[in-house]
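Asks: fold the following.
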Amino acid sequence: MIEQDWAILLARIQFAFTVSFHFLFPAFTIGLASFLAVLEGLWLKTGKGVYANLYRYWLKIFAVVFAMGVVSGIVMSYQFGTNWSVFSDKAGPVIGPLMAYEVLTAFFLEAGFLGVMLFGINKVGRKLHFVATLAVALGTFISAFWILSVNSWMQTPAGFEMGANGQFLPGDSWLPIIFNPSFPYRLVHTVLAAYLTTAFAVGGVGAWHLLKNRQNPGARKMFSMAMWMAAIVAPIQVVAGDFHGLNTLEHQPVKVMAMEGHYQSHPDGAPLILFGIPNSKEKRVDYAIEIPKASSLILKHDPNAPLKGLDTVPDADEPPVGIVFWAFRIMVGLGMAMVGIGLWSLFARVRRRLYDMTWLHRAAVAMGPSGFIAVLAGWVTTEVGRQPFTIHGLLRTADSASPLDAPAVAASLLAFVVVYFAVFGMGIWYLLRLMKKPPEAHEAALDGMPIRSAGITPAAAVIEGEGA
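Replies: As a prediction, the model looks like this:
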């Protein structure tokens, strides 16, 4: 029994490790594909070569990130059959078709147009190439749609029937399964997170190059566009996160209890615990810094509203409070920092100092990886907060695993760690090298598109190596 517990724990660590690596790449490609579509659309509309240069600059990065996302996703999917065969057997009739739809729609769309997007810029018409870029951007969104539908169904299962052998079977309609109670909130929250991840990565790269050369038009343009995204989307994300939290309170209240650190019920208003050290053994948060009644105000919009605590939940049904508590605070803290950077950039823009405010640029560079950290913290909050269930309230994690041998799982986990850090470490190193190179400082025409930037003629562009 002890060995089986260790095997399940190692299998969970292995899945967490592989999905954490994988999640970083789609979080970037969803936003980056849309950014590329915007760049190409602006180039077609204005004829300004700065957009064409930025398109080519980020297209190389997109290609590498997309490839690493595909590879890491394929590897991850095999674990459903190796380590989690019971889960696959019981939930397969529901989640199997949804994942197949992702392949048949999103992946085929991306794969069909990716080659044109990457290699057809000088081989097909401008409009057709723009269509290919839009198709890839749409494909990334559709992929997120289906995968988040699967995950949301595991969080808030709906529209199913229980078969005689304990399988989850689809009911009369797939719509309640696809559009389960938490799906719309999770989709909006995750897609906005992907856009913010891309915005701060692009903004960090732009700020890095502005610190070296404030006159580089490509660095100025990418930094400006990224800061507009931060200023507009980060506050929207705060509102979307609030709605998502209220939905979680309705359907997964135990997760919210762990997020808030509410070990005890509060019949006359719960405090908002800003920081502290969760102590699950003593059922309290040590050294808590809290705001009285603020949690009830946020979650119930009434400072005196009662909130239940983990004292109403059997110990066997509690998630690991410490992990959920701190992951949630990391996510929220970085989200507030993103709002702050967005507001700071607006102040700099009004003062006409967006491109020469050194401390803003340094802060943007420091915040470059913040989106990746935030989405990982959000994923940990969501997935660990669902424990001890794989399908919330219906199928426990301990009952979902294959008959496992702990040494075998440990060996495969070690192999994953070594290979992933070697392969993806090199990939990330190469991405950083691409980002370290500044975007072209001159504006160029592509495919005969006229240049409308003063001081640069088509002949000069060809001489400088950026003709068609």
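Asks: secondary structure element for Leu169?
Replies: strand 168-170 (DSSP states H and E).
Asks: list of residues touching that strand?
Replies: Strand 168-170 is contacted by residues 90-91, 93-94, 97, 157, 159-163, 177, 391, 394 when judged by C-beta atoms under 8 Å, 6 or more residues apart in numbering. Placement of C-beta: from N, CA and C, glycine included.
Asks: among these, name the ones in strands.
Replies: Counting by DSSP state E, the contacts of strand 168-170 place Phe160, Glu161, Met162, Ile391 in strands.
Asks: state the pair within those that is farthest apart.
Replies: Farthest pair in the ones in strands among the contacts of strand 168-170 (C-beta to C-beta) is Glu161 and Ile391. Separation: 13.8 Å.
Asks: okay, those two: which has more neighbours?
Replies: Ile391 (22 against 12; other C-beta atoms under 10 Å).
Asks: isn't the more buried one up against Ala91?
Replies: Yes. Ile391 lies in contact with Ala91 (C-beta atoms under 8 Å); the separation is 6.3 Å.
Asks: look up how far Ala410 lies from Ile13.
Replies: 9 Å (C-beta to C-beta, to the nearest Å).
Asks: sorry, that was for Lys127
Replies: On the measure of C-beta to C-beta, Lys127 and Ala410 end up 54 Å apart.
Asks: so for these two, which residue has more residues nearby?
Replies: Ala410 (16 against 9).
Asks: give me the three-state assignment for that one.
Replies: helix (DSSP: H, G, I helix; E, B strand; the rest coil).
Asks: now do it, the pLDDT please.
Replies: Note for Ala410: predicted pLDDT of 88.
Asks: the nearest residue to it once chain neighbours are set aside: neighbour count?
Replies: Among residues not flanking Ala410 along the chain, Leu10 sits closest, at 5.5 Å (C-beta to C-beta, 6 or more residues apart in numbering). Neighbour count for Leu10, taken as other C-beta under 10 Å: 21.
Asks: kindly report the same for Asp356.
Replies: Count around Asp356 with other C-beta under 10 Å applied: 12.
Asks: name the element it belongs to?
Replies: Going by DSSP H and E, Asp356 is not in any helix or strand.
Asks: pretty sure it is touching Asn213, no?
Replies: No. At 11.7 Å, Asp356 does not count as touching Asn213 under the criterion of C-beta under 8 Å.
Asks: circling back to that earlier point, what residues are shared contacts of Ile391 and Ala91?
Replies: By C-beta under 8 Å, 6+ apart, the residues touching both Ile391 and Ala91 are Met154, Phe168.
Asks: and the helices in the stretch 1-150 of the chain?
Replies: Secondary structure of the stretch 1-150 of the chain (DSSP state H, counting those that start in this stretch): helices at 2-46, 49-77, 79-82, 85-101, 108-119, 126-155.
Asks: turn these into TSV, including distance to Gly322.
Replies: As requested, the helices of the stretch 1-150 of the chain are exported to TSV (distance: least, C-beta to C-beta, whole Å):
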stretch	distance to Gly322
helix 2-46	15
helix 49-77	26
helix 79-82	25
helix 85-101	25
helix 108-119	39
helix 126-155	21
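Asks: worst mean pLDDT among these?
Replies: Across the helices of the stretch 1-150 of the chain, helix 79-82 gives the lowest mean pLDDT, at a mean of 81.
Asks: show me what that one is packed up against.
Replies: helix 2-46, helix 85-101 (3 or more C-beta pairs under 8 Å, 6 or more residues apart in numbering; DSSP states H and E).
Asks: who wins for proximity to Pro314 among those?
Replies: Per C-beta to C-beta, nearest to Pro314 of the helices and strands packed on helix 79-82: helix 2-46, 18.6 Å.
Asks: packing partners for that closest one?
Replies: By 3+ C-beta pairs under 8 Å, 6+ apart, helix 2-46 packs against helix 49-77, helix 79-82, helix 126-155, helix 183-212, helix 370-386, helix 406-436.
Asks: list the buried residues of the second one.
Replies: Buried positions in helix 79-82, judged by neighbour count with 16 or more other C-beta atoms under 10 Å: Gln79, Phe80.
Asks: which residues are contacting it?
Replies: Contacts of helix 79-82 (C-beta under 8 Å, 6+ apart): Ala11, Gln14, Phe15, Thr18, Phe87, Ser88, Ser402.
Asks: how close does the closest residue to Val256 other than its chain neighbours sit to Pro184?
Replies: Using C-beta to C-beta, 6+ apart and skipping the chain neighbours, the partner closest in space to Val256 is Leu249 (4.8 Å). Per C-beta to C-beta, Leu249 is found 16 Å from Pro184.
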